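Novice: Quick one, what's the 3D model for this:
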Amino acid sequence: MKGVSSIFASLYAIAKEEFLYLIKGRPPVALVPFIVPLGFAVLFGLIYQENVVNHIPMVVWDEDQSATSRSLIEAYTDADRFTFVAQVSDEASMREAIHDGEARAALAIPKNFDKALKSGRGADFMLMVDSSNNMFGNAAISASQEISRSFSVAAGQQLLESQGLLPDDAMNSVYPVRMGARILGNPANGYSSFMLSGLMMNGLQIGVMLSLAPALVTELLQPRWRRKHPLLILVGKSLPYWLLSFTAYILSLYLIIHVFAVPMRGSWGEAMLLGASFIFFVSSVLHIFSACCPTRVLSLQAPMVYIMPGLLYSGLSWPNFDMSSIASVLGMLMPMTYGGDTLRDILLNGTAPALYTNCKIMILGGLGCQLVAAGLFGLRRRFHIWTDELGEYQRKGDNDEASAGNEA
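Specialist: Here you go, the predicted structure:
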C-alpha cells in the first residue's frame, strides 16, 4: 500500500507542476488546446455555414429565343443553385465568360429547340461547367440533372396531353419508371455536416501537438524528476494536457452542434469515449517525438510531418476502401483515421459500427507508444546523466590540476 501511495503522490506532484506551468505563462500554454480546435470549428463553420454550394454564376446563350427556351432558362434561374449574370451571343463568349471568372456555368440552347421538342423527336441543350473546383462542377451538374428531368417530364406531359391523353395517363406514359430516393445521415448533402466535425478533430490534435510536444525534451534539458521512473513522468505530464484537451473537445463538439447545426443523432457518451481515446493516442505518439528530439523547437516541428497528412488519410474526404494499399497502410498509423470518420458516423448516423474497435486500437496503440516513449526517454536521460557526471568529473580533475600547479 505504501508503494502505491508513493506512486500516486509522485503522479500528483508531477501533474501539479505541469499544470502550474500550463497556466502561469503569458499567455498561458493552457489556452492552446482550446484555441486551436475552437478556432477551427468557428473558422470552418463560417465557411460551410451555407451548407451547400448555391448561387453559381451562370451565363446563357439562347439561339432559339422561344417561349420554351425561356421556360428552360427560368427553371435554371429560379433554382437556388444558379444565378443568372449575363446573356451571350455565341459559344466563344460562353467560354470567355468562364475563362475570365465571370461565370462558373453556361447554358446553351440551340436553334429549333422548341420545334424539335414539339415534334416529338427530342431536343438537346448543353451545360458547360468550370470543374477546376469540384464543388462548382458537382453542384452544377447535380442540380442541372434534376432541373432537366423535371423540365423534360413537364414538356413530355404537355405534348401527350395536346394529343388527347388525360393528365395522369400522360404522366405515366412520359415517366413510366420513377425512382424513390431516401438519403440517410446527411439528406441535404451539406458540407458543414460532412466536414466540420473532422476539421475540429484535426484542430484538436494540432492543439495537443503545440502544447504537449516539448514536454519530455524540456524535462531532459531542465531535469526536475531525475529520481522518478520514466513512465511515471510520462503519465504525470500527460494528465493535465489530456484533461484540458478533453474539455476543449467537449466544448468544440457542443459548438459545432448548437451553433453550426451539425446534427447529434448518436450518444454523447460514445462521442466522449471516442474523444478520450483519440486524445490519449495523439498524446502518446507525440511523446515519442518529444523523447527523440534534441530541442524544444524541433519537437514542435517534427510532429507536423506526421500530424498534418492525417486529415488526408483519415477517410474524411476520400473513403479508405478506395485508397491505394500504401495510402491505407499510412492511414492506419494515424489517429485521425480512427477518430474523424467515426465521430461523423456518431453525429450523422446515430451509431458507428467501428467505434469500439477503433477505441480499442487507439488505446492499445497509445499504451504501446507510451512504453516506447518511456524507453527512449529513459535511455536519453541516462545518457544525459552520464555526460553531466563525466563533465563534472573532468571539471573536478581540471580544478585539482590547477590547484596542484598553484601549490608548486
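Novice: Residue 58 in helix, strand or coil?
Specialist: strand (DSSP: H, G, I helix; E, B strand; the rest coil).
Novice: doesn't residue 87 make contact with it?
Specialist: No: in this structure, residue 58 is not within contact of residue 87 by C-beta atoms under 8 Å, at 10.6 Å. The way it works is simple: take the backbone N, C-alpha and C, and place the C-beta from them, glycine included.
Novice: Neighbour count for the two, which is higher?
Specialist: residue 58 (28 against 11; other C-beta atoms under 10 Å).
Novice: Just the pLDDT for the more buried one.
Specialist: Residue 58 is assigned a predicted lDDT (pLDDT) of 91.
Novice: I'd like the numbering to begin with 485 instead of 1 from here.
Specialist: Shifting the count to begin at 485 puts that one at residue 542.
Novice: Would you mind naming the residues that bridge with it?
Specialist: Listed beta-bridge partners, residue 542: residue 568, residue 589 (assigned using DSSP bridges).
Novice: Now do the contacts for it.
Specialist: Contacts for residue 542 (C-beta atoms under 8 Å, 6 or more residues apart in numbering) come out as 560, 561, 566, 567, 568, 569, 587, 588, 589, 590, 591.
Novice: Kindly recompute the last result at 7 Å.
Specialist: Residue 542 makes contacts with 560, 566, 567, 568, 569, 587, 589, 590, 591, as judged by C-beta atoms under 7 Å, 6 or more residues apart in numbering.
Novice: hang on, the fourth one packs against residue 558?
Specialist: Okay, so that is residue 568. No: counting by C-beta atoms under 7 Å, residue 568 does not reach residue 558; the two are 9.5 Å apart.
Novice: Which one of those two is surrounded by more residues?
Specialist: residue 568 (16 against 12).
Novice: what's the spacing between the more buried one and residue 808?
Specialist: For residue 568, the distance to residue 808 equals 43 Å [C-beta to C-beta, to the nearest Å].
Novice: Ok, residue 567 next?
Specialist: 39 Å.
Novice: Same drill for the two, tell me which one is more crowded.
Specialist: residue 567 (16 against 8).
Novice: surely that one meets residue 538?
Specialist: No: judged on C-beta under 7 Å, residue 567 makes no contact with residue 538 at a distance of 8.3 Å.
Novice: how about low-confidence regions in this structure?
Specialist: Low-confidence segments of the chain (pLDDT under 70): 485-487, 604, 639-641, 643-668, 672, 868-892.
Novice: if I've got this straight, residue 564 is in a helix?
Specialist: No: remark: residue 564 does not belong to a helix; assigned using three-state DSSP, it is coil.
Novice: Could I get the contacting residues of it?
Specialist: Residue 564 touches residue 538, counting by C-beta under 7 Å, 6+ apart.
Novice: And it, how far from residue 515?
Specialist: For residue 564, the distance to residue 515 - C-beta to C-beta - is 40 Å.
Novice: cool, residue 624 as well?
Specialist: For residue 624, the distance to residue 515 - C-beta to C-beta - is 42 Å.
Novice: repeat for residue 637
Specialist: According to C-beta to C-beta, residue 637 stands 58 Å off from residue 515.
Novice: more crowded one of residue 624 and residue 515?
Specialist: Using other C-beta under 10 Å, the more surrounded residue of residue 624 and residue 515 is residue 624, with 23 against 17.
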